[in-house]
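Undergrad: Show me the folded form of this:
(one chain, ligands or ions: 1)
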Amino acid sequence: MKHIGMFYGSDGGYTENVCQRLIAHFGEDKVDLIDIFGSNVKEISAYDYLIFASSTWHDRHLQDDWNNFVDNLDEIDFSNKTIALLGLGDQEGYGSTFCDSIGLFYEKVKEGKVIGETSTEGYDFDESIAVIDEKFMGLCIDEDSQNELTDQRLKNWYEDIKRDF
Ligand SMILES: Cc1cc2nc3c(=O)[nH]c(=O)nc-3n(C[C@H](O)[C@H](O)[C@H](O)COP(=O)(O)O)c2cc1C
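TA: Predicted coordinates:
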């Protein structure tokens with residue numbers, strides 16, 4: 001088992017691809033990349049350092065596999081865990097529910113040490129439950145309308161979260 005467990009759900013492969021690009025910063029020897037489809041509470045609980053990654057689908061919906069699993073997170077004690085949240089969304093197409101996945105995750109893990117909050121500057125959207133006190137509770141990546149910014153956003157985020165990981 002590696003140091004960090006990165007659990008993802010991805011319908012069209014975008015989230016998986018972004019996870020792999022983030023792992024390139026950490027180095028493959030540090031991160032286990034695990035599809036939430038087929039995973040379980042025991043597997044997640046084994047890690048002290050976690051990254052949860054999901055796209056948003058429709059109003060307040062995680063990617064389907066994460067959506068089916070998410071209530072199982074209530075069985076996990078996050079109080080001694082460090083967690084970073086990664087969301088994929090589309091601010092042009094879905095500007096009133098942009099990257100809601102981060103907000104949905106946050107509600108489940110907030111008793112833990114949640115790291116990697118980011119500024120909303122540079123995004124153009126109406127509403128998102130990922131935002132608390134004017135910050136995203138994780139990193140929002142928009143491969144649909146701002147893919148040219150993804151590499152830099154991942155690099156900046158890695159530089160931030162690596163201090164706690
Ligand atoms: C039918 C549909 C609904 C979507 N709903 C949302 C949404 O509510 N909020 C959002 O930010 N993005 C939304 N998206 C955009 C996806 O989250 C985005 O394309 C993401 O990159 C898909 O990642 P995946 O291939 O890993 O699942 C939606 C896309 C589609 C096709």
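Undergrad: burial count for residue 80?
TA: Residues within reach of residue 80, counting by other Cβ atoms under 10 Å, total 9. C-beta coordinates here come from the backbone N, C-alpha and C atoms, glycine included.
Undergrad: so what's it closest to, chain neighbours aside?
TA: residue 48 (6.8 Å; Cβ to Cβ, 6 or more residues apart in numbering).
Undergrad: what does residue 129 give?
TA: The shortest distance from residue 129 to any residue that is not its chain neighbour, by Cβ to Cβ, 6+ apart, is 3.1 Å, and that residue is residue 103.
Undergrad: so who does that neighbour touch?
TA: Under the criterion of Cβ atoms under 8 Å, 6 or more residues apart in numbering, the contact partners of residue 103 comprise 128, 129, 130, 131, 132, 137.
Undergrad: run the last query once more with 7 Å
TA: Residue 103 makes contact with 128, 129, 130, 137 under the criterion Cβ atoms under 7 Å, 6 or more residues apart in numbering.
Undergrad: distance of the residue in the chain that the ligand sits nearest to from residue 22?
TA: Closest to the ligand within the chain is residue 89: 2.2 Å, counting by Cβ to the nearest ligand atom. Using Cβ to Cβ, to the nearest Å, residue 89 is found at 16 Å from residue 22.
Undergrad: Of those two, which one has the most company?
TA: The neighbour count for residue 89 versus residue 22, taken as other Cβ under 10 Å, is higher for residue 89 (28 against 24).
Undergrad: Just the pLDDT at the more buried one, thanks.
TA: Model confidence at residue 89, expressed as pLDDT, equals 98.
Undergrad: Thought residue 102 was touching it, still the case?
TA: No. The pair residue 89 and residue 102 fails to qualify as a contact (Cβ atoms under 7 Å) at a distance of 8.7 Å.
Undergrad: and for these two, which residues touch both?
TA: Counting by Cβ under 7 Å, 6+ apart, the contacts common to residue 89 and residue 102 are residue 140.
Undergrad: So which residues of this protein form helices?
TA: 14-26, 41-45, 64-69, 100-109, 150-161 (DSSP state H).
Undergrad: Contact distance from the ligand - what residues of this structure qualify?
TA: Residues of the chain found near the ligand (Cβ under 6 Å from any ligand atom) are 10-15, 55-58, 63, 88-90, 94, 97-100, 143-144.
Undergrad: May I see the PyMOL selection of the buried members of the residues you listed?
TA: Selecting the buried subset of the residues of the chain next to the ligand in PyMOL, with 16 or more other Cβ atoms under 10 Å as the burial test, is done by:
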select buried, resi 10+14+15+55+56+57+63+88+89+90+94+97+98+99+100+143
